[in-house]
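Q: return a 3D structure for these sequence lines:
(chains A and B)
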Number of protein chains: 2
Amino acid sequence: MTRESVRAAHLGELDTPCLLLDEPRMMANIERLKSRMARLGVGLRPHLKTPKSIEVARRLMASPEGPATVSTLQEAEQFAQAGVRDILYAVGISASKLDRVLALRAGGADLTVVVDSLAAAQAVAERSRAAHYRIPALIEVDCDGHRAGVNPANTELLVSIGRALHEGGAELRGVMTHAGESYNARDVEAIRAMAEQERRAAVDCAEALRGAGLPCPIVSVGSTPTAMYAENLDGVTEVRAGVFVFFDLVMAGLGVCEQDDIALSVLTTVIGHQPEKGWILVDAGWMAMSRDRGTARQPVDQYYGVVCDMEGRPMGDLVLKETNQEQGILMLRPGSQAALPDLPLGTRVRVLPNHACATGAQHDAYQVVRGESPLVVASWERFRGW
Amino acid sequence: MTRESVRAAHLGELDTPCLLLDEPRMMANIERLKSRMARLGVGLRPHLKTPKSIEVARRLMASPEGPATVSTLQEAEQFAQAGVRDILYAVGISASKLDRVLALRAGGADLTVVVDSLAAAQAVAERSRAAHYRIPALIEVDCDGHRAGVNPANTELLVSIGRALHEGGAELRGVMTHAGESYNARDVEAIRAMAEQERRAAVDCAEALRGAGLPCPIVSVGSTPTAMYAENLDGVTEVRAGVFVFFDLVMAGLGVCEQDDIALSVLTTVIGHQPEKGWILVDAGWMAMSRDRGTARQPVDQYYGVVCDMEGRPMGDLVLKETNQEQGILMLRPGSQAALPDLPLGTRVRVLPNHACATGAQHDAYQVVRGESPLVVASWERFRGW
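A: Sure thing, here's the model as predicted:
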């Protein structure tokens, strides 16, 4: 799974479509967030649902053993097999998944689960008692109404869940929250405010648990936007973020990164022209890009992606405007006064993705590139499934 | 790749999320279109981009050797390895893919490629001469302005492409077209009109080629909507269709099938509740469903899918309204007067997909189910990539 087969090929030699990973950009993205976290005095627990690759994970994590965040038990199993030990499974646990959780822990992984209801806490506690083993759990808190989690104002429920875990035979490890609404922020000021709201919700809940005599060693927050703009993380013990490792057009549209920071692109070949319609057809459709249209609700719609040349420079107003399963249509942005570039049959271009997690998931490997005239220096496998 | 591991499990025993395939519904869908084609006197060349599974392909094709349509060379290679011989690669060919085309043909597959420009025809002819081997090609015709293809009114260009193939050393096999706009039709009458327009364009182009003294043995048309509603296929030699094997909510919204015909669903488990918001959280997010929102532009928006019970019966107004990567939110349709059903933690439901091709592509296997209290009778692998 972790083999690195050095190829040193030119982009023209690759089969298309395929997924390119600009390693220097990725390393710069990692360093940027790591230094931020160091300045704020908080550890990073990177979310590995974005890369799903042990090669990327090793460059992301503080140590080969973690810490790490995952979104599926498949990710937990793959990373555990590759030596990662400190893993948070950050999606609400269901009783039917506890066998796999116990198997992972028996294999040496320190896997923590998440609950946000009394029923889930009781199920984890019950299974802990049956297994004579304290399964560690965080309580998820809903800091912004975006998704799952206990309402942080509902201290009574929070403490009941804490007690059900702690007194029921499981291990109460703390609280976690995720400012998912930060993806819909309109500007950086709004993101800063969300970061503080996220911190406040987590810290308040941690204090409520401690005030009730319950343990709460971990106070976990995070999303890429809030991690990039938080100014104060007092009381927080760790930050989770995933998409920052590659960034994407949604993040650039939010102002969280520049387009030049985006480390992922899809390499595609021109396969046809419909000059009277202003169309250039390529062999990357929605199968290669995903159906994610996350920039559609942003001020600048990037359609299925921004088109760049082989060196990664955006080609003016050219976008991947429409897609079929295995065919895409490059067009100028609506209203553009530019001339359609002349891209003969066989020309290759790179398309920056709307959403790195979704586009990455369509591919089984990263073709790792470096340099201004990029060379493919490695191929790193990705995994998937549940 | 083709192993069938009999499990006879109940749905409650499966890890979730996973992809269910209702085999009796699939077989009925196949029989329905096959009898239609038989009545119209035309052969079916099923599009295997939808199933990407040899087990499904064998149930779809007229014989174990085909004929079949594919959308990637990866599909061609996988199916050729499993014994399929008569394969049409229905996306415009690029010169860089001709090595793999020649390797497939050398291995015994009768693979046909598609061109829609003089430049592409010349590239195929040139490679044929260099290889001392006539690569067979169809000319793509654009019957509805939807995608690629020669404008059928441009007889001059069509004949030039035909000559470039035939006289240049390749094998001109005929013409093909695809009424992609039929997916946007508003009613069945519009689909019938599009079927006739699709037939007319292909037959007219075939006649133009023959009138110029060129061969045109194959006249290939197709899309699931037009295949289901065409009333006259005179002059057509084969019909291509893919999604009909499973159907989906987009096809049901078009009136091309009933919801009861949909053979694919995603099995998911309830992992949380936010009662004050009317939310039920499940472990199927966009990773399990895909980001396809094809019903958003139809009269009835089905969001990320219609929620059914374990037996496959729709649960009133419950839909998969929103998704995160590994989490989905079930809600009542906006405006519904129904009460939110009581689905305790651990309850399992099935979600019908918007687009079978896109949802299928998120999974590595079909869990094949039969019966009113469904049992899992087999697991069939899917493949992917390019």
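
Q: got a list of what the residue of the stretch 151-300 of chain A found nearest chain B touches?
A: Nearest residue of the stretch 151-300 of chain A to chain B (C-beta to the nearest C-beta) works out as residue A:291 at 3.7 Å. No exception for glycine: its C-beta is placed from N, CA and C like everyone else's. Applying C-beta atoms under 8 Å, 6 or more residues apart in numbering or on different chains, we find residue A:291 in contact with A:358, B:290-293, B:358.

Q: so it: helix, strand or coil?
A: coil (DSSP: H, G, I helix; E, B strand; the rest coil).

Q: quick check: pLDDT value at it.
A: At residue A:291, the model reports a pLDDT of 97.

Q: quick one: the helices in the stretch 251-386 of chain A?
A: Using DSSP state H, counting those that start in this stretch, the helices found in the stretch 251-386 of chain A span residues A:286-289, A:356-360.

Q: any idea which helix or strand comes after the longest helix along chain A?
A: Using DSSP state H, we find that the single longest helix of chain A is helix A:188-211. Note on helix A:188-211: by DSSP states H and E, the next helix or strand toward the C-terminus is strand A:218-221.

Q: related to what we said a few turns ago, how far away from the center of its chain is the longest helix of chain A?
A: 21 Å (C-alpha atoms, centre = their mean, to the nearest Å).

Q: cool, stretch A:368-380 as well?
A: 22 Å.

Q: partners of the helix or strand bottoming out on mean pLDDT in chain A in the sheet?
A: Using mean pLDDT, DSSP states H and E, strand A:9-10 stands out as the lowest-scoring helix or strand of chain A, at a mean of 91. Strand A:9-10 pairs in its sheet with strand A:375-381 (antiparallel), by DSSP bridges.

Q: in a markdown table, list the contacts of residue A:291 along with distance to residue B:305.
A: A markdown table is the format used below for the contacts of residue A:291 (distance: C-beta to C-beta, whole Å):
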| residue | distance to residue B:305 |
| --- | --- |
| A:358 | 17 |
| B:290 | 10 |
| B:291 | 12 |
| B:292 | 10 |
| B:293 | 10 |
| B:358 | 11 |
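
Q: buried only: go through those residues for me.
A: A:358, B:290-293, B:358 (16 or more other C-beta atoms under 10 Å in any protein chain shown).

Q: and these, which two are the farthest apart?
A: A:358 and B:293 (12.8 Å; C-beta to C-beta).

Q: pLDDT on stretch A:234-247, on average?
A: Per-residue scores along stretch A:234-247 average to 98.

Q: wait, I meant stretch A:11-26
A: On average, stretch A:11-26 scores 97.

Q: so for it, what gets flagged as buried?
A: A:11, A:14-23, A:25-26.

Q: do stretch A:181-201 as well
A: Neighbour count says stretch A:181-201 has A:181-183, A:185, A:190-192, A:194-201 buried, by 16+ other C-beta under 10 Å.

Q: report the two of the residues you listed separated the most.
A: The widest separation within the buried residues of stretch A:181-201 (C-beta to C-beta) is 19.2 Å, between A:183 and A:200.

Q: quick one on the thing from earlier: nearest to residue B:354 among the buried residues of stretch A:11-26?
A: Using C-beta to C-beta, the buried residues of stretch A:11-26 come closest to residue B:354 at residue A:17, 22.8 Å.

Q: surely the closest one and residue A:265 touch.
A: No: with contacts counted by C-beta atoms under 8 Å, residue A:17 stays clear of residue A:265, the gap being 10.4 Å.

Q: got a list of what the closest residue to residue A:13 other than its chain neighbours touches?
A: Of all residues not flanking residue A:13 in the chain, residue A:376 sits nearest, at 7.8 Å (C-beta to C-beta, 6 or more residues apart in numbering or on different chains). With contact taken as C-beta under 8 Å, 6+ apart, residue A:376 is in contact with A:7-11, A:13-14, A:367-369.

Q: tell me, what's the model's pLDDT at residue A:376?
A: 96.

Q: just the buried ones among the contacts of residue A:291 now: which is nearest residue B:127?
A: residue B:358 (33.1 Å).

Q: where's that closest one relative to residue B:26, distance?
A: In this structure, residue B:358 and residue B:26 are 18 Å apart, going by C-beta to C-beta, to the nearest Å.

Q: the nearest residue to residue A:257 once chain neighbours are set aside: neighbouring residues, count only.
A: Excluding its sequence neighbours, the residue lying closest to residue A:257 (C-beta to C-beta, 6+ apart) is residue A:247, at 4.3 Å. Number of residues near residue A:247 (other C-beta atoms under 10 Å in any protein chain shown) recorded here: 27.

Q: thought residue A:247 was touching residue A:30?
A: No: with contact defined as C-beta under 8 Å, residue A:247 and residue A:30 do not form a contacting pair (11.0 Å).

Q: where do the contact lists of those two overlap?
A: Shared contacts of residue A:247 and residue A:30 (C-beta under 8 Å, 6+ apart): none.

Q: where's residue A:50 relative to chain B, distance?
A: Residue A:50 sits 9 Å away from chain B, going by C-beta to the nearest C-beta, to the nearest Å.

Q: quick check: that residue touching residue A:243?
A: Yes: if you go by C-beta under 8 Å, residue A:50 and residue A:243 touch, sitting 5.3 Å apart.

Q: who has more neighbours, the two?
A: residue A:50 (29 against 26).

Q: that one belongs to a helix?
A: No: assessed with three-state DSSP, residue A:50 is coil; it does not lie in a helix.

Q: burial of the spatially closest residue to it that is not a sequence neighbour, as a residue count?
A: Among residues not flanking residue A:50 along the chain, residue A:242 sits closest, at 4.0 Å (C-beta to C-beta, 6+ apart). By other C-beta under 10 Å, the residues close to residue A:242 number 24.

Q: now for residue A:242: which residues touch it?
A: A:46-50, A:69, A:224, A:357.

Q: redo that, cut-off 6 Å
A: A:47, A:49-50 (C-beta atoms under 6 Å, 6 or more residues apart in numbering or on different chains).

Q: residue A:305 too?
A: Residue A:305 touches A:289, A:320, A:351-353, counting by C-beta under 6 Å, 6+ apart.

Q: flag every buried residue along stretch A:279-296.
A: Quick answer for stretch A:279-296 (16+ other C-beta under 10 Å): A:279-295.

Q: so which strand or helix has residue A:29?
A: Assigned by DSSP H and E, residue A:29 falls in helix A:23-40.

Q: which residue comes closest to the residue of the stretch 151-300 of chain A closest to chain B once chain neighbours are left out?
A: residue B:291 (3.7 Å).

Q: before we move on, what about residue A:127?
A: Counting by C-beta to C-beta, 6+ apart, the residue nearest residue A:127 is residue A:98, at 4.7 Å.

Q: so which helix or strand takes in the one you found?
A: helix A:98-106.
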